[in-house]
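Asks: sharing a sequence plus its predicted fold:
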Amino acid sequence: MTLRAESKTIGSFSTAAMRIIATGALVATLGGCGVHLGHHKKKRVAEAAALAPSKVTQIGVNAYLWRATLDTLSFMPLLQTDSNGGVVVTDWYANPKNPGERMKVTVSILDQDLRADAVRVAASRQVLQGGAWLDAPVEAATVQKLEDVILTRARDLRRKTIRG
């Protein structure tokens, strides 16, 4: 059996040349689909990031940092909250396992962006001695740990918003 390619001339192109051009166009189109699908995926990720920007300021401060602060300090009684100024002040809290010690925490959100330097924690500690509460030093690691917990929670909240 012999295959014979017929070649007719259409204008200045032969049918064989037209087939090659059509095949090339088809390959280019299909190859472009893969790139196009990748573009759509990138576009969806960008749209999701736009839905959960790091700078959310509907309440005066970064909403992720604000929510993370409230979540982190939820076990302590709140004395004052100011979402416009970005300040949360707790009342004195004594751990039931250690009633001779109590803590008070103030968190300030300093920026509208979700950044590591946008949160400042100040803590006070008192110990019970002779029936009176006396000021005691707070370990720097305690304050740093609270800041880290708040920032980690804020980042998790933002990630959840992006993923939907």
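Replies: The structure has been received and is ready for your questions. Numbering: from 1, shown residues only.
Asks: check contacts around residue 109.
Replies: By Cβ atoms under 8 Å, 6 or more residues apart in numbering, the contact list for residue 109 reads 61, 62, 65, 66, 69, 86, 87, 118, 119. Where C-beta positions appear, they are placed from N, C-alpha and C, glycine not excepted.
Asks: strands - which of these land there?
Replies: 87, 119 (DSSP state E).
Asks: which stretches of the protein have low pLDDT?
Replies: 1-58, 164 (pLDDT under 70).
Asks: what's the neighbour count on the nearest residue to residue 133 once chain neighbours are set aside?
Replies: Closest residue to residue 133 apart from its sequence neighbours, by Cβ to Cβ, 6 or more residues apart in numbering: residue 126 at 4.2 Å. The number of residues packed around residue 126, counting by other Cβ atoms under 10 Å, is 17.
Asks: give me every residue that touches residue 126.
Replies: So residue 126 contacts 92, 101, 102, 104, 133, 134, 135, 136 (Cβ under 8 Å, 6+ apart).
Asks: could you pick out the buried ones from those?
Replies: Neighbour-count burial (16 or more other Cβ atoms under 10 Å) applied to those gives 102, 104.
Asks: can I get the contacts of residue 126 in a markdown table with distance to residue 79 and secondary structure?
Replies: Formatted as a markdown table, the contacts of residue 126 follow (distance: Cβ to Cβ, whole Å; DSSP: H, G, I helix; E, B strand; the rest coil):
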| residue | distance to residue 79 | secondary structure |
| --- | --- | --- |
| 92 | 9 | coil |
| 101 | 18 | strand |
| 102 | 13 | strand |
| 104 | 8 | strand |
| 133 | 16 | strand |
| 134 | 21 | strand |
| 135 | 18 | strand |
| 136 | 20 | strand |
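Asks: run through the strands of the protein in chain order.
Replies: 9-10, 13-14, 78-82, 87-90, 101-109, 119-129, 132-136.
Asks: looking at those strands, which is closest to residue 149?
Replies: Closest to residue 149 of the strands of the chain, according to Cβ to Cβ: strand 119-129, at 9.5 Å.
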